[in-house]
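Colleague: Take a look and give me a structure for this.
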Amino acid sequence: ATHNEIGAEEAGRLAEVLGECKALAHVRLRRNRIGTTGACQLAGVLGECKALAHLYLNANGIGDEDACHLAGALGECKALADLDLSQNAIRDDGACRLAKACTTLARLDFRNKLLVHEGAVQLALLQSRVGLLLQGR
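Modeller: Sure thing, here's the model as predicted:
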């Protein structure tokens, strides 16, 4: 669902269905308009997607608060190996929470020029801990 102008309302409907898709392995919602409300709704069900291995949410207007909600859910996704949150408005706080929650990742795309210090440090620590391929800046 790339570039389909999926907004918060559509993300909410999608969240209702995702909770029932226990074997879902790939979610690609690149370049939509999910925003805060949609990200929170998705976060509410992502923890139930135990087989989720690839999640692409780049360029969706996701900010720090949304990243914190996602971090809580993604910590439950033990199969998650590939996460793309590039081109969002995630700053240090959100990056720190994600780095602490997403310990199963093999690849994280976090191209984001809003990180100042602590978020970058935590992502680097995650990279060294799990051998993560970190794509940034």
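Colleague: and Leu70, what is it in contact with?
Modeller: Neighbour list for Leu70: Ala39, Leu42, Ala43, Leu46, Leu57, Ile62, Leu85, Leu98 [criterion: C-beta atoms under 8 Å, 6 or more residues apart in numbering]. The C-beta positions use only the backbone N, C-alpha and C, and glycine is treated the same way.
Colleague: What distance do you get for it to Gln41?
Modeller: Distance from Leu70 to Gln41, counting by C-beta to C-beta, to the nearest Å: 11 Å.
Colleague: of all the contacts of Leu70, which two lie farthest apart?
Modeller: Leu42 and Leu98 (14.3 Å; C-beta to C-beta).
Colleague: is it true that Leu123 touches Gly94?
Modeller: No - in this structure, Leu123 is not within contact of Gly94 by C-beta atoms under 8 Å, at 10.9 Å.
Colleague: what about the strands in the protein?
Modeller: Here the chain has its strands, by DSSP state E, at 26-28, 54-56, 82-84, 107-110, 133-136.
Colleague: Within its sheet, name the partner strands of the second one and how each one runs.
Modeller: The partner list of strand 54-56 in its sheet, established with DSSP bridges, is strand 26-28 (parallel), strand 82-84 (parallel).
Colleague: which stretches of the chain aren't confidently modelled?
Modeller: 1-3, 113, 130-137 (pLDDT under 70).
Colleague: would you turn the contacts of Leu70 into JSON lines with distance to Glu5?
Modeller: Shown next, in JSON lines, are the contacts of Leu70 (distance: C-beta to C-beta, whole Å):
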{"residue": "Ala39", "distance to Glu5": "16"}
{"residue": "Leu42", "distance to Glu5": "16"}
{"residue": "Ala43", "distance to Glu5": "21"}
{"residue": "Leu46", "distance to Glu5": "21"}
{"residue": "Leu57", "distance to Glu5": "15"}
{"residue": "Ile62", "distance to Glu5": "16"}
{"residue": "Leu85", "distance to Glu5": "19"}
{"residue": "Leu98", "distance to Glu5": "26"}
